[in-house]
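Participant: here is a sequence together with a model predicted from it:
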Amino acid sequence: MSEYQPAGKTTLSPEVLVTITKMATLSVPGVSRLAPVPDRFERLFKRGANQGVELKVEDNLVYLDLFLALKPDVNVREVSRNVQHQVARAIEEMVGMDIGHINIHIEDIDYIEEA
């Protein structure tokens, strides 16, 4: 018995990649929130720019710049590596695309002000 192979194709909106990236990023302990992309960052590709994610897809490779605010008292290097790992794994597993790079930009630390 042969396996059915339907004709057709699947298309993927870049917003799907942004959503996957956001969900994976926010699931990492130590991440407080995504920060707005600063004006100083050159915006050639504006997908997700207002959501803390700069996304570019080229030759089926995903290139990401993530702008984050972290929780206080975390190891910045460790959290950054965990975000890179989680996002890469989520994109590779959910949509089967490979990662070109994931750059992490720490924009703020969210300290809780006591009243």
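Facilitator: Sure thing, it's come through.

Participant: now the residue lying closest to Val16 once chain neighbours are set aside: phi and psi?
Facilitator: Spatial nearest neighbour of Val16, excluding adjacent residues (CB to CB, 6 or more residues apart in numbering): Val95 at 7.2 Å. Glycine gets a C-beta too; all of them are placed from N, C-alpha and C. Backbone dihedrals for Val95, given as degrees, to the nearest 10, come out at phi -120, psi 0.

Participant: list the contacts of Val95.
Facilitator: Contacts for Val95 were tallied using CB atoms under 8 Å, 6 or more residues apart in numbering; they are Leu12, Val16, Leu17, Ile20.

Participant: starting at the chain centroid, how far to the helix or strand Met94 falls within?
Facilitator: Met94 belongs to helix 76-95 when assigned by DSSP states H and E. Its chain's C-alpha centre and that of helix 76-95 lie 8 Å apart, by CA atoms, centre = their mean, to the nearest Å.

Participant: from the middle of its chain, how far away would the helix or strand just after it be?
Facilitator: Sequence order places strand 98-109 as the next helix or strand after helix 76-95, per DSSP H and E. Here the centre of strand 98-109 is set off from its chain's centre by 7 Å, with CA atoms, centre = their mean.

Participant: export strand 98-109 to PDB, keeping only CA atoms.
Facilitator: The C-alpha atoms that make up strand 98-109 are tabulated as PDB, following Å, rounded to 0.1, in the frame of the first residue of the first chain:
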ATOM      1  CA  ASP A  98      17.000  26.100   9.500                       C
ATOM      2  CA  ILE A  99      18.500  29.000  11.400                       C
ATOM      3  CA  GLY A 100      21.000  31.400   9.900                       C
ATOM      4  CA  HIS A 101      21.600  33.300  13.100                       C
ATOM      5  CA  ILE A 102      19.800  34.500  16.300                       C
ATOM      6  CA  ASN A 103      21.300  37.700  17.700                       C
ATOM      7  CA  ILE A 104      20.200  38.700  21.200                       C
ATOM      8  CA  HIS A 105      20.100  42.300  22.200                       C
ATOM      9  CA  ILE A 106      19.500  43.000  25.900                       C
ATOM     10  CA  GLU A 107      17.600  46.400  26.000                       C
ATOM     11  CA  ASP A 108      16.600  46.500  29.700                       C
ATOM     12  CA  ILE A 109      16.400  44.800  33.100                       C
END
